[in-house]
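A.B. asks: No sequence on hand, only this structure:
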């Protein structure tokens, strides 16, 4: 008998993933497709239609694994800062600039001079980086004449929802990372829009994640989606926190990837001086995909540093288990690894054994994460629960060091936390759940 399932999409920097699960939370299938960036004379960019095609391919991959089932709701989470500009017929008119592209360095200098760096950070909750959408939009206005014909601006998740047949909307956690939102009032900041050359009409009505945005109009390999409720599930890190059940004030989500992202859920309304202090330390403050909550998000280079140590030791991923065992057997924790002072810098004691080096490295990167967590706690209150997910959680030495450093942790056993959160938000949009407290909890291990 056909089942009624939920689908969640996570459109990330490296790939687009799609997960199918039952309303009770049982995960059934995962599909994937690559996110392809092209190098140019200016930096890295991609094509909006390619992003939509990757999402469709990931969905089709997952659906092939559940051929007799129907999808009743689809949620889409994504990377936040990259955007799609389209004309009145929803035809893209400009490339999609990678969020990590730095071509807008001159525009950032102009932003500081024209709007004031401190004013910008207090109003938006964002550090003074080239990452945000408004400086890239100003760059596009100056370098791509077709941008003048744009009538709509979408985040990646909003664009995929639109491409599946959904309505236009601007989701709060994603627009929080554009530089166009006034954080305290939850309204568009007219001065920032004017500065970047973006009329307010480019953005649709502001809505929280999990808002119904129409129904899918699909056929062929995606026929099982036709008629499904669609929603934007917000920023991928925040959707992942929701997927783990880590979205009440005080909860912390530690995503142990190449960059170790640490996300703290907080009640709205931090004072301006606290917001300024956080942004000065490279921490973003914005609206959460969990309704009526804020998200404090910082990162270390923990995963990158661990990768550098493994390379220096001549160990690949297949040798990680042996390296973990050697770390567990190491009796001492010498000064075998020193991090910094530059970003990504690692110094290794050549006299130390591989086990000593690896044990020292896992403790060093966890100390970095703990210091960042302390900063988040000073701003928003004590951490209540800590959830971890990501590729580096497969290292038993890292997880042991983390428990030793920060205390009890909950490790996710879900296949794709971002997709899971997107699917659960889709169920919320479809009325399968009454509120966030009604969402099925992901299984976790200590």
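C.D. replies: Structure's in. What do you need? Quantities reported herein were computed from a predicted structural model and do not represent experimental measurements. Numbers count the residues shown, from 1 in each chain.

A.B. asks: contacts, neighbours, all on C-alpha from now
C.D. replies: Will do.

A.B. asks: residue boundaries of the helices in the stretch 251-400 of the chain?
C.D. replies: Secondary structure of the stretch 251-400 of the chain (DSSP state H, counting those that start in this stretch): helices at 272-280, 302-313, 320-329, 354-380, 396-406.

A.B. asks: Next, format those helices as a markdown table and append mean pLDDT and distance to residue 29.
C.D. replies: A markdown table is the format used below for those (pLDDT from 0 to 100; distance: least, C-alpha to C-alpha, whole Å):
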| stretch | mean pLDDT | distance to residue 29 |
| --- | --- | --- |
| helix 272-280 | 97 | 39 |
| helix 302-313 | 91 | 27 |
| helix 320-329 | 95 | 27 |
| helix 354-380 | 93 | 32 |
| helix 396-406 | 92 | 26 |
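
A.B. asks: Can you add mean neighbour count and distance to residue 78 and give those helices back as a markdown table?
C.D. replies: Putting the helices of the stretch 251-400 of the chain into a markdown table (neighbours: other C-alpha atoms under 10 Å; distance: least, C-alpha to C-alpha, whole Å) gives the following:
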| stretch | mean neighbour count | distance to residue 78 |
| --- | --- | --- |
| helix 272-280 | 19 | 22 |
| helix 302-313 | 19 | 21 |
| helix 320-329 | 18 | 30 |
| helix 354-380 | 21 | 24 |
| helix 396-406 | 19 | 27 |
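
A.B. asks: do you know which of those helices lies nearest residue 127?
C.D. replies: Closest to residue 127 of these is helix 272-280 (C-alpha to C-alpha; 4.6 Å).

A.B. asks: Give me the distance from the closest one to the chain's centre.
C.D. replies: Distance, stretch centre to chain centre, for helix 272-280: 21 Å (C-alpha atoms, centre = their mean, to the nearest Å).

A.B. asks: what does it contact?
C.D. replies: Contact partners of helix 272-280, identified using C-alpha atoms under 8 Å, 6 or more residues apart in numbering, comprise 118, 121, 122, 125, 126, 127, 128, 284, 285, 375, 379.

A.B. asks: Same list, the helices of the stretch 251-400 of the chain, but as TSV with distance to residue 138 please.
C.D. replies: Output for the helices of the stretch 251-400 of the chain, formatted as TSV (distance: least, C-alpha to C-alpha, whole Å):
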stretch	distance to residue 138
helix 272-280	22
helix 302-313	31
helix 320-329	45
helix 354-380	32
helix 396-406	42
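
A.B. asks: Make TSV from the contacts of helix 272-280 and add distance to residue 346 to it.
C.D. replies: Converted to TSV, the contacts of helix 272-280 look like this (distance: C-alpha to C-alpha, whole Å):
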residue	distance to residue 346
118	33
121	31
122	34
125	31
126	28
127	26
128	26
284	26
285	30
375	24
379	30
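
A.B. asks: Which of these fall within strands?
C.D. replies: Here DSSP state E is the test, and these give 284, 285 as lying in strands.

A.B. asks: Check the protein for me, the residue farthest from its geometric middle.
C.D. replies: residue 351 (39.4 Å; C-alpha atoms, centre = their mean).
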